[in-house]
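>>> Next input, structure requested:
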Amino acid sequence: MTEPAYVTETRTAYDTVAEAYAEAARDELDSSPWDRAMLGTFAELVGKTGSVGDLGCGPGRLTGHLASLGLDVFGVDLSPGMVSVARRTYPELRFEVGSMSALALADGSLAGALAWYSLIHTPPEQLPGLVAELARVLAPGGRLLTAFQVGDERRHVSRGYGHEVSFDAYRLPPDFVAGLFEAAGLVLEARLVRAPQEPEQVPQAYLLARKPG
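Below you'll find the model as predicted:
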């Protein structure tokens, strides 16, 4: 099957910027108490109940953070370049190249799934299938936490982290994402929308959901 163009473009872009992205994002959690609060809540709710996937893990900074909070966590990312950086930076953790739309994971195998700004490169009309895949790999009682930029538009990115790139990013309405969760059989437990912080241009949203059971 031919790979969708948006998947190829996203992989190529993140392979291109992997090293620069990792350096730029390395200390972002230090300046975002909102991010730390949501990740900490997620970690406390999941606890020692099973394995956690950081899906769209990039250079692994949040995989490492969740591990420091006591979770049994591994990372998956579309970009081999990002996975290479993550493996080098966190050699004690497991990272695999893979697609969120077709995870190489058994049904109900995860106690938690993190999709941190990793839904934003999939066209909205394709998101129902992706969210259904995330729900598939969650065990009953498992949690899904996602974060994304608020809006309702497609943005084409032609330059990032000092490199020429070409890919799309989507700002999403929180009600739309909450509806995707509900359609996939998940129960929304928390929703937070916060004001933008420099250099952000729009509000940011966090949604936390649970798989019934």
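
>>> going forward, measure contacts and count neighbours with C-alpha atoms only.
OK.

>>> Below-threshold pLDDT in the chain: ranges please.
Along the chain, segments meeting pLDDT under 70 span 1.

>>> who does the longest helix anywhere in the chain touch, helix- and strand-wise?
Longest helix of the chain, by residue count under DSSP state H: helix 5-25. Other helices and strands packing on helix 5-25, by 3 or more C-alpha pairs under 8 Å, 6 or more residues apart in numbering; DSSP states H and E, are helix 80-89, strand 163-171.

>>> Could you identify which of those is most buried?
Sort the helices and strands packed on helix 5-25 by mean neighbour count, taking mean count of other C-alpha atoms under 10 Å, and helix 80-89 sits at the top with a mean of 21.

>>> elements contacting the next helix or strand after that helix?
Downstream of helix 80-89, the first helix or strand assigned by DSSP states H and E is strand 95-97. Contacts defined by 3+ C-alpha pairs under 8 Å, 6+ apart place strand 95-97 against strand 72-77, helix 80-89.

>>> Alpha carbons of the longest strand along the chain, as CSV, please.
When the chain is parsed with DSSP state E, its longest strand is strand 138-149. Below are the C-alpha coordinates for strand 138-149, written out as CSV (Å, rounded to 0.1, in the frame of the first residue of the first chain):
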residue,chain,number,x,y,z
LEU,A,138,-5.3,0.5,26.0
ALA,A,139,-6.2,-2.0,28.6
PRO,A,140,-9.6,-1.6,30.4
GLY,A,141,-9.0,1.2,32.9
GLY,A,142,-6.1,2.6,30.9
ARG,A,143,-5.5,6.3,30.4
LEU,A,144,-4.8,8.4,27.3
LEU,A,145,-3.4,11.9,27.7
THR,A,146,-3.0,14.2,24.7
ALA,A,147,-1.9,17.8,24.2
PHE,A,148,-2.4,20.0,21.1
GLN,A,149,-2.7,23.6,19.9
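
>>> Could you list every helix and strand in contact with that strand?
helix 33-46, strand 110-116, strand 163-171, strand 204-210.

>>> can I get these in TSV with distance to residue 122?
Below are these laid out as TSV (distance: least, C-alpha to C-alpha, whole Å):
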stretch	distance to residue 122
helix 33-46	22
strand 110-116	12
strand 163-171	8
strand 204-210	17
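
>>> now, of the ones you listed, which is deepest in the fold?
The most buried one of the helices and strands packed on strand 138-149 (mean count of other C-alpha under 10 Å) is strand 110-116, showing a mean of 25.

>>> Partner strands of that one and their direction?
strand 51-55 (parallel), strand 138-149 (parallel) (DSSP bridges).

>>> quick one, what contacts residue 57?
Taking C-alpha atoms under 8 Å, 6 or more residues apart in numbering, we find residue 57 in contact with 63, 75, 76, 77, 115, 116.

>>> angle of whichever strand or helix holds residue 179 against strand 138-149?
Using DSSP H and E, residue 179 sits within helix 174-183. Per axes from the mean of the first three to the mean of the last three C-alpha atoms, to 10 degrees, the angle that helix 174-183 makes with strand 138-149 is 170 degrees.

>>> Sort out which residues of the helix or strand just after helix 174-183 are buried, please.
Counting by DSSP H and E, the next helix or strand C-terminal to helix 174-183 is strand 187-194. With burial defined by 16 or more other C-alpha atoms under 10 Å, the residues of strand 187-194 counted as buried are 187, 188, 191, 193.
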